[in-house]
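**Student:** I'd like to go over a predicted model; first the sequence, then the structure.
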Amino acid sequence: MIQILDSTLREGEQTPGVFFDGHIKLAIAELLDQVGVDIIEAGHPRVSPDIYNATRLISQHGFKAIIGAHSRSLKEDVDLALECGVGFLGVFFCVSDDRLTHVHKKELHRAVDQIAEVIAYGKERKPELLIRYTPEDAVRSPFRNVMDASAAAVQAGADIISVADTTGYMIPGSPRSMYDYVLRLKGELADRDLYPKIAVHCHNDRGLALANALDGYRAGAEVIDATILGLGERVGIVDLAQLLYALAVDFEETDAWDFKRLPELYQLVSQHSEVPIPVNFPLVGENAFTHCAGVHTHASARNPMHYQSIEPEFLGRTMNVALDHMAGLSSIKWAFEQIGVDEDDHMARRVLEVVKSIGQRGRTVRLDELSHIIDWCRTTSDVNGEEFV
């Protein structure tokens, strides 16, 4: 059974310029809990008092989801997280040779000892604490380094090892395959009689975060990280809605997630992050279920699935038709039905001319404007029946 970790409140705040006030973090957490994510990563308490306080309040709110905190491999970070009352702790430490030499200035065995000591300390202080160890930039680090650190982390008490594609480096079907990496990691840990859950944390620098996450899932990863709108460092990580839909519908993983909560959740995060939802964003974007070209609307008016593979009702949404320069007669008739107007083909063609004219100026006619266009067309006939549009 796959577990979903949402990191909007931690990774999401690493989007340049994004910060959520405490009351908004709580509201986001409430909606995430209602959607049904398993783990909510509430923040890194060491970063600031505001993040510490928000993490503590969210942890104490009584959500069904496990509330987690981020932590460097330092005991003081663990202490702060445990003060917040979290049930999940994400400990990270990069073990690439370059980072060890030029940033941490440690030999590998000293870094591994530090990682193990901090994890054992967390487990000693709170035995039921769920601990994840992340070898940051795992996929570009020497595999032996990752294995040594991961094995020591599990032996010290880590429950989860996260494969971090920190720079969006992996490419499905190539020698840099997340599928192959997860299989190899699970296999070599098993050879040491170690069986932690494997998580994947995929960045989207090449636009492949979701594909890599699903590759990891197919290879046996049990935890996948995501954020709302894919927020995060640089171009972010896996988008939550797209991930949940693929797992639930395409892989038939579960029917436990409440997809109808997602539009509200995305609007809330977009408003308070000041990151607009792109109109062409899958599932939650304004145009996700909007048909434009006449051929499309003609078929979709009879059966939307002619030009959709996703049912909008699944997300509490409905099919829509764009009224612009691409509209056809079927678009106008569909729109008439939506506003409860019964007009003949003659009137529909007159309205279509006006709609196309407006569309050529780069604007789409909304349904509330359409009734005004109908009134205009009715009143532009003179007493002799001559029509002016």
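**Tutor:** Here it is on my side, so go on. Numbering: from 1, shown residues only.
**Student:** worst-scoring helix or strand of this protein, pLDDT-wise?
**Tutor:** Of all helical and strand segments in the chain, the minimum by mean pLDDT, DSSP states H and E falls on helix 294-302, at a mean of 77.
**Student:** so what secondary structure elements neighbour that helix?
**Tutor:** strand 320-321, helix 329-339 (3 or more CB pairs under 8 Å, 6 or more residues apart in numbering; DSSP states H and E). Just so you know, the C-beta spots here come from the backbone N, C-alpha and C atoms, and that holds for glycine as well.
**Student:** if we go to 10 Å?
**Tutor:** If you count contacts as 3 or more CB pairs under 10 Å, 6 or more residues apart in numbering; DSSP states H and E, helix 294-302 packs onto strand 290-291, strand 320-321, helix 329-339.
**Student:** got the residue ranges for the strands in the stretch 1-150 of the chain?
**Tutor:** 3-6, 39-43, 66-72, 88-92, 130-134 (DSSP state E, counting those that start in this stretch).
**Student:** need the winner for burial among the ones you listed.
**Tutor:** For these, the largest average neighbour count (mean count of other CB atoms under 10 Å) is found in strand 39-43, namely a mean of 29.
**Student:** export that one to PDB, keeping only CA atoms.
**Tutor:** Only the C-alpha atoms of strand 39-43 are listed here, as PDB (Å, rounded to 0.1, in the frame of the first residue of the first chain):
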ATOM      1  CA  ILE A  39       2.200  12.200   6.200                       C
ATOM      2  CA  ILE A  40       2.100  16.000   6.300                       C
ATOM      3  CA  GLU A  41       5.600  17.400   6.500                       C
ATOM      4  CA  ALA A  42       4.900  20.600   8.400                       C
ATOM      5  CA  GLY A  43       8.300  22.300   8.300                       C
END
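**Student:** run the angle between it and strand 66-72 for me.
**Tutor:** Between strand 39-43 and strand 66-72, the angle comes out at 50 degrees (axes from the mean of the first three to the mean of the last three CA atoms, to 10 degrees).
**Student:** most tightly surrounded among the helices and strands packed on helix 294-302?
**Tutor:** Mean neighbours per residue, mean count of other CB under 10 Å, is largest over those for strand 320-321, with a mean of 23.
**Student:** give me the sheet partners of that strand and which way each runs.
**Tutor:** strand 290-291 (parallel) (DSSP bridges).
**Student:** contacts for the strand it pairs with, please.
**Tutor:** Residues outside strand 290-291 that contact it (CB atoms under 10 Å, 6 or more residues apart in numbering): 279-280, 296-301, 304, 306-308, 312, 319-322, 326, 330-331, 334, 364.
**Student:** how far away from the center of its chain is it?
**Tutor:** Strand 290-291 sits 23 Å away from the centroid of its parent chain (CA atoms, centre = their mean, to the nearest Å).
**Student:** just stretch 251-261 next, same as before
**Tutor:** Per CA atoms, centre = their mean, the centroid offset for stretch 251-261 relative to its chain is 14 Å.
**Student:** could you do stretch 156-167 as well?
**Tutor:** With CA atoms, centre = their mean, you get 19 Å for stretch 156-167.
**Student:** for stretch 45-65, same thing?
**Tutor:** On CA atoms, centre = their mean, the centre of stretch 45-65 falls 21 Å from that of its chain.
**Student:** what is the rounded mean pLDDT of it?
**Tutor:** On average, the pLDDT along stretch 45-65 is 97.
**Student:** which ChimeraX command selects the buried ones in the contacts of strand 290-291?
**Tutor:** Here is the ChimeraX selection string for the buried members of these, based on 16 or more other CB atoms under 10 Å:
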select :296,297,298,300,301,304,307,312,319,320,321,322,326,330,331,334,364
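**Student:** pLDDT weak spots in the stretch 251-389 of the chain?
**Tutor:** Applying pLDDT under 70 to the stretch 251-389 of the chain flags the ranges 381-389.
**Student:** one more pass at 80, please.
**Tutor:** Along the stretch 251-389 of the chain, segments meeting pLDDT under 80 span 294, 297-298, 300-302, 304, 381-389.
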